[in-house]
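can't give you the sequence, but here's the structure:
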C-alpha cells in the first residue's frame, strides 16, 4: 500500500515521527532495546553496510537496513 502525503499532512507526520524517535531513545535508555549494531565492509569499487537494532517488550521488533556503497 502506498501512502501519499499532502503538504498539509507534513507537520502532523513529522510530529508523529519525532515522538516515535523520542520513545525509541527512552526505551534504549531503559535497557529495553537490542543495542544497535553497524557493520561495514569496504573494498575496491565500493562497500556494503548493515545497520540493525530492535525493541523488546510485549511486542518485539527487529529492523535491519542494508546499503551498497558505490565509489
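Arrived safely, thanks for sending. What you see is a predicted model; the values in this text were computed from it and never measured. Numbers count the residues shown, from 1 in each chain.

What residues does the closest residue to residue 60 other than its chain neighbours make contact with?
Among residues not flanking residue 60 along the chain, residue 54 sits closest, at 6.7 Å (C-beta to C-beta, 6 or more residues apart in numbering). Any C-beta I mention is one placed from the backbone N, CA and C, and that applies to glycine too. Applying C-beta atoms under 8 Å, 6 or more residues apart in numbering, we find residue 54 in contact with 33, 34, 60, 61, 62, 63.

Name the member of those residues with the most neighbours.
Within the contacts of residue 54, residue 33 tops the neighbour count with 18 neighbours, counted by other C-beta atoms under 10 Å.

Identify the bridge partners of that one.
In this structure, residue 33 bridges to residue 55 when assessed by DSSP bridges.

Tell me the spacing between the closest residue to residue 61 other than its chain neighbours and residue 18.
Nearest non-adjacent residue to residue 61, counting by C-beta to C-beta, 6+ apart: residue 55, 4.5 Å away. As judged by C-beta to C-beta, to the nearest Å, residue 55 and residue 18 stand 17 Å apart.

and the two? which has more neighbours close in?
A count of neighbours by other C-beta under 10 Å puts residue 55 above the other of residue 55 and residue 18, at 16 against 10.

doesn't residue 31 make contact with that one?
No. Taking contacts as C-beta atoms under 8 Å, residue 55 lies outside contact range of residue 31: 11.4 Å.

ok, now which ones touch the most centrally placed residue in the chain?
Centroid-nearest residue in the chain, with C-alpha atoms, centre = their mean: residue 63, separated by 6.8 Å. Taking C-beta under 8 Å, 6+ apart, we find residue 63 in contact with 52, 53, 54.

Mind pulling up the pLDDT for the residue of the chain most remote from its centre?
What lies farthest from the middle of the chain is residue 44; by C-alpha atoms, centre = their mean that is 27.6 Å. Residue 44 carries a pLDDT value of 86.
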